[in-house]
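# My questions concern the predicted model and sequence given below.
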Amino acid sequence: MPIEVLMKQDYAYLELEAWLYAQLQMGRWQVGERLPSVRHLCREKRLSKATVIHAYQRLEAQGRIEARPRSGYFVCDLPVSVLDISVSESTAIPGPVPVNSSELLTDIMLQGAAFDLLPGGQTSPFSTGLMLLNRSIGRALRQSRGTAHLCYEEPAGYLPLRQTLAQRYQRDACQVGAEQFCITSGCQNALFLALKACCRPGDLVAIEDPGFYGVIQLLEQLQLKAVQIPVHTQTGMDLNALERALQHWPIRACVVTPCFATPSGSLMPESHQRRLIDLANRYEITLIEDDIYRELSFTGRLSPLKALDEQDRVILCGSYSKTLSRDLRLGWVLSKRWHKRIVYLKLITQLASSHFVQQGLNDYLISGDYDRYLRQRISELYHQVQAWMQALRSRWSEHIHFDVPQGGLCIWIEWLQPIDTLALYTSALRRGVAITPGPLFSISGDFHQALRLSFAQPCSLAHQSALDCLQLLMDQQSGQRG
Ligand SMILES: Cc1ncc(COP(=O)(O)O)c(C=O)c1O
């Protein structure tokens, strides 16, 4: 159904505003570019002139666009915060904010963070690759009987595993050695250690908006203040906005996911990555790279941001939770500059990591079983995402926007008409369907019209029924509003 049919008169200006807003977020028009004329939009969307002007004026009031006499409407420079926009140099950039994550976020995380629309309902077939991993760990456990239980592993982690990780990163163009790695309990723990190592309470940290909710929670716990930087769904963190924030605020660190950021799925082009490193060097900030999704690329192996890091500004955090198993609880922090402090922090918070899990994983990696499994998993995910996209298009066609994922595990779906995914979360959960609503990914609680969908599971008939249920609930929500 075309967008104009769906627009009821009372809401037409709001719906047009939402559509224009989503297009701006997606970077359809560049800064300084002229937007479609009022006449063009009236014709294309079959709306009155007053409706189109009303929508444009609302975006103008938010600072997203500006009217130029007798020329039309033009896109403004992107804001640091989506809510408060700095249009000109004289306008103050909205300040850093203390972080209060919601109870709802904890609730959703307890539901398994909606990595599946049907939490607990589905089981994936247990692949040979995972069976081999179990065997490796089992073998390591049997071998370690009688010795490992008597002592703690070195706090930085099992050296052969760190050597293997270093070799894998060297293969991806990073000049790093085993002595720069510290093994952690997953990537969330790695992010915690990285932030704790380079920041003090009260420091300012630039984060992606929308971005990973786990980072929002860490900032809250570490009493760090957030400076929210908008994300383009295709190219990732807006570096113009970051640069302006760096000019205005004494930012200490910036958390960024260059490859397949969650929830946007964005992939930062290499030219942007170079500029990001350049900004970090110029403003002397630490970049904390979340590298958890990089290996799940549909277009061949990618290098991390760390590969461009000549001045040792990047602390890289990774894990095998997304590529292999969440249950391994095995990740790493990679940094030369901060290594000693990170290992100390690990020592006082965890003492050590499990020896046999590390040894088993290392055996699995060096046998080539991991790479074989990864290739198969990527091909599986590629086919799964095609099925999910088809299921979405057949239900919502042009009422939604999403970028076709180039890798990772999620699709960020934005509805073009006003819906409230936060309200939908509760009603869907009552019917056994778990969604991850957009506002979860932002401190300002924006992105009500968006949600993150995981394609880690096949799009089964049961999942399609879950989508039908969501469609029904959304229709009910629109009906109530109308
Ligand atoms: C972007 C991102 N970083 C880190 C994590 C945490 O990963 P782990 O399970 O390795 O702690 C997640 C998990 O959802 C994630 O999506």
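All right, it came through fine. Small disclaimer: the values here were computed from a predicted structure and weren't measured.

# Spell out which parts of this protein neighbour the ligand.
186-188, 212, 214, 257, 262, 290, 292, 319, 321, 326, 331 (Cβ under 6 Å from any ligand atom). Where C-beta positions appear, they are placed from N, C-alpha and C, glycine not excepted.

# what's the helix or strand for the closest residue to Pro160 other than its chain neighbours?
Excluding the flanking residues, the one nearest Pro160 by Cβ to Cβ, 6 or more residues apart in numbering is Asn362, at 5.1 Å. In this structure, Asn362 sits in helix 355-366 according to DSSP states H and E.

# Mind checking the pLDDT average for the helix or strand following that helix?
Beyond helix 355-366 on the C-terminal side, the first helix or strand identified by DSSP H and E is helix 369-396. For helix 369-396, mean pLDDT is 95.

# just how off-centre is helix 369-396 within its chain?
On the basis of Cα atoms, centre = their mean, to the nearest Å, helix 369-396 is displaced by 18 Å from the centre of the chain it belongs to.

# Which positions in that helix come out as buried?
By 16 or more other Cβ atoms under 10 Å, the buried positions in helix 369-396 come out as 369-370, 373-374, 377-378, 381, 384-385, 388-389, 391-392, 396.

# Of those, which is the nearest to Pro155?
Closest approach between the buried residues of helix 369-396 and Pro155, by Cβ to Cβ: Tyr370, at 24.6 Å.

# From Leu324, how far off is the residue nearest to the closest one when sequence neighbours are not counted?
Excluding its sequence neighbours, the residue lying closest to Tyr370 (Cβ to Cβ, 6+ apart) is Tyr364, at 5.5 Å. Separation of Tyr364 from Leu324 (Cβ to Cβ, to the nearest Å) stands at 9 Å.

# Need the mean per-residue confidence for the helix or strand harbouring Ile183.
Secondary structure from DSSP H and E places Ile183 in strand 181-184. Averaged over strand 181-184, pLDDT sits at 98.

# I'd like to know which elements the very next helix or strand once past that strand is packed against.
Downstream of strand 181-184, the next assigned helix or strand under DSSP H and E is helix 186-198. When contacts are defined as 3 or more Cβ pairs under 8 Å, 6 or more residues apart in numbering; DSSP states H and E, helix 186-198 sits against strand 181-184, helix 213-221, strand 251-256, strand 286-290, strand 314-319, strand 331-334, helix 339-350.

# I figured Thr421 hits His448, correct?
Yes. Using Cβ atoms under 8 Å, Thr421 is in contact with His448, at 6.1 Å.

# quick one, which of those two is more surrounded?
Between Thr421 and His448, Thr421 has the larger neighbour count (other Cβ atoms under 10 Å), namely 25 against 19.

# Residue in the stretch 101-250 of the chain with the shortest distance to the ligand?
Gly186 (2.8 Å; Cβ to the nearest ligand atom).

# Contacts only, for that residue.
Counting by Cβ atoms under 8 Å, 6 or more residues apart in numbering, Gly186 touches Ser319, Ser321, Arg326, Leu328, Arg329, Leu330, Gly331.

# How far does the strand holding Ile183 sit from its chain's centre?
The answer for strand 181-184 is 22 Å, by Cα atoms, centre = their mean.

# helix or strand for Arg139, which one?
Secondary structure (DSSP H and E) places Arg139 in helix 128-144.

# buried ones in that helix?
Across helix 128-144, burial judged by 16+ other Cβ under 10 Å covers Gly129, Leu130, Leu132, Leu133, Ser136, Ile137, Ala140, Leu141.

# Report the angle between it and helix 369-396.
Interaxial angle, helix 128-144 versus helix 369-396 (axes from the mean of the first three to the mean of the last three Cα atoms, to 10 degrees): 140 degrees.

# CA atoms only: put stretch 349-364 into CSV for me.
Provided in CSV are the C-alpha atoms of stretch 349-364 (Å, rounded to 0.1, in the frame of the first residue of the first chain):
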residue,chain,number,x,y,z
THR,A,349,37.3,-8.5,39.6
GLN,A,350,37.6,-12.1,38.3
LEU,A,351,41.1,-13.4,39.3
ALA,A,352,41.3,-15.6,36.2
SER,A,353,39.4,-17.3,33.3
SER,A,354,38.6,-21.0,33.1
HIS,A,355,41.7,-22.9,31.8
PHE,A,356,39.9,-25.8,30.0
VAL,A,357,37.5,-23.5,28.1
GLN,A,358,40.4,-21.5,26.9
GLN,A,359,42.5,-24.6,26.0
GLY,A,360,39.5,-26.3,24.3
LEU,A,361,38.7,-23.1,22.3
ASN,A,362,42.4,-22.7,21.3
ASP,A,363,42.5,-26.3,20.0
TYR,A,364,39.3,-25.7,18.1
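
# Now do the buried residues in it.
352-364.

# I would like the residues contacting that stretch, please.
When contacts are defined by Cβ under 8 Å, 6+ apart, stretch 349-364 is touched by residues 132-133, 136-141, 143-144, 148, 152-155, 157-158, 160-161, 164, 183-185, 189, 193, 320, 328-330, 370.

# what about the stretch 51-200 of the chain, any weak spots by pLDDT?
Judged by pLDDT under 70, the stretch 51-200 of the chain has its weakly predicted residues at 61-62, 78-95, 101-102, 111-114, 121-126, 145-148.

# mind listing the strands for it?
Under the criterion DSSP state E, counting those that start in this stretch, strands of the stretch 51-200 of the chain are mapped to 65-68, 72-75, 97-98, 181-184.

# Packed most tightly, which of these would that be?
Of the strands of the stretch 51-200 of the chain, the one with the most neighbours on average (mean count of other Cβ atoms under 10 Å) is strand 181-184, at a mean of 28.

# could you check the distance from Met237 over to Val227?
11 Å.

# cool, Cys259 as well?
Distance from Cys259 to Val227, by Cβ to Cβ: 22 Å.

# got it, and Ile366?
For Ile366, the distance to Val227 equals 42 Å [Cβ to Cβ].

# Quick test: name the residue nearest the centre of the protein.
The C-alpha lying nearest the average C-alpha coordinate of the chain belongs to Thr262 (Cα atoms, centre = their mean; 1.6 Å).

# For that residue, which residues are in contact?
Gly211, Phe212, Tyr293, Gly408, Leu409, Cys410, Phe441, Arg452.

# Could you tell me which of these are located in strands?
Among the contacts of Thr262, DSSP state E puts Cys410, Arg452 in strands.

# now the contacts of Thr262 in a markdown table, with distance to Asp278 and pLDDT?
Shown next, in a markdown table, are the contacts of Thr262 (distance: Cβ to Cβ, whole Å; pLDDT from 0 to 100):
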| residue | distance to Asp278 | pLDDT |
| --- | --- | --- |
| Gly211 | 22 | 96 |
| Phe212 | 24 | 95 |
| Tyr293 | 24 | 97 |
| Gly408 | 26 | 96 |
| Leu409 | 30 | 96 |
| Cys410 | 29 | 96 |
| Phe441 | 27 | 93 |
| Arg452 | 30 | 95 |
